[in-house]
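A.B. asks: using only what follows, build the 3D model:
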Amino acid sequence: MSAVLYDYWRSSASYRVRIALNLAGIAYQPVSVDLVAGDHKSGDHLARNPQGLVPVLEIDGLRLTQSLAIIDYLDQTRGMGLLPAEPAARARALALAHSIAIDLHPVCNLSVARHATELSGNAEGMPGDWMRHFIRPGLLAFEALLGGFDQVPYCTGPQPGLADLCLMPQMYNARRWGVDLTDLPRILSVEAACAVHPAFADAHPDRHVPA
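C.D. replies: Here you go, the predicted model:
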């Protein structure tokens, strides 16, 4: 039985799982869950994930939620090598990935930005101002953290790792919301390397716009 991925084309969490599936060489059936239309609140989707979030991956007879947990499962079962084996190096690489996936991404989630816009009385410039307020400082910190790694050419070494899977969806969002990226040379170098990698290119949201 082939894997089934319930996702939304612009979801950062879904995007990073698509990259991981591609890197692992796993064919999957995509099923769109339209967050804008509220499909994630439907009874069918809540039965898959009581949190009402995407992605949900059905694979190996399992139904998995939470993108980082899904990626960890794929890494552990498919030997992808997304994190270093040595404990100290692993902790540093995890911290880099988590700075985006745990600290930055959640406050820029669609539901959070929508709520902030509503609380502002639909103030002019929202939600773009909200997104830029959080994304740029988060990427500045990521840029500084990258200085401690040997980039050749990815975030933590010669092959794509977890940090790259977290960074690329955030860069998509940064460009969508007009974030200034001109002073982030390390990040831009990683982005350029990832952009030409087939696993990343095939996972890009523009290739997953629902019909």
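A.B. asks: which helix runs longest in this structure?
C.D. replies: Determined from DSSP state H, the single longest helix within the chain is helix 128-146.
A.B. asks: which residues touch it?
C.D. replies: With contacts defined as C-beta atoms under 8 Å, 6 or more residues apart in numbering, helix 128-146 is touched by 95-96, 99-100, 103-104, 107-108, 113, 116-117, 123, 155, 167, 170, 173-174, 177-181, 184-187, 190. C-beta: built from backbone N, CA, C; applies to glycine.
A.B. asks: what's the angle from the lowest-mean-pLDDT helix or strand in the chain to helix 128-146?
C.D. replies: Of all the helices and strands that make up the chain, helix 110-119 has the lowest average by mean pLDDT, DSSP states H and E, namely a mean of 77. Relative orientation of helix 110-119 versus helix 128-146 (axes from the mean of the first three to the mean of the last three C-alpha atoms, to 10 degrees): 140 degrees.
A.B. asks: quick one on the thing from earlier: and the next helix or strand past the longest helix of the chain?
C.D. replies: If you walk from helix 128-146 toward the C-terminus, the next helix or strand you reach (DSSP states H and E) is helix 162-176.
A.B. asks: C-terminal to that next one, what's the next element?
C.D. replies: Using DSSP H and E, the next helix or strand after helix 162-176 towards the C-terminus is helix 185-195.
A.B. asks: and that next one, how far out from the chain's middle?
C.D. replies: Using C-alpha atoms, centre = their mean, to the nearest Å, we find the averaged C-alpha position of helix 185-195 to lie 15 Å away from the chain's own average C-alpha position.
A.B. asks: before we move on, back to that, quick one: list the elements packing against the least confident helix or strand of the chain.
C.D. replies: Packed against helix 110-119, as judged by 3 or more C-beta pairs under 8 Å, 6 or more residues apart in numbering; DSSP states H and E, are the following elements: helix 128-146.
A.B. asks: where does the protein have low pLDDT?
C.D. replies: For the chain, the stretches with pLDDT under 70 are 1, 123-126.
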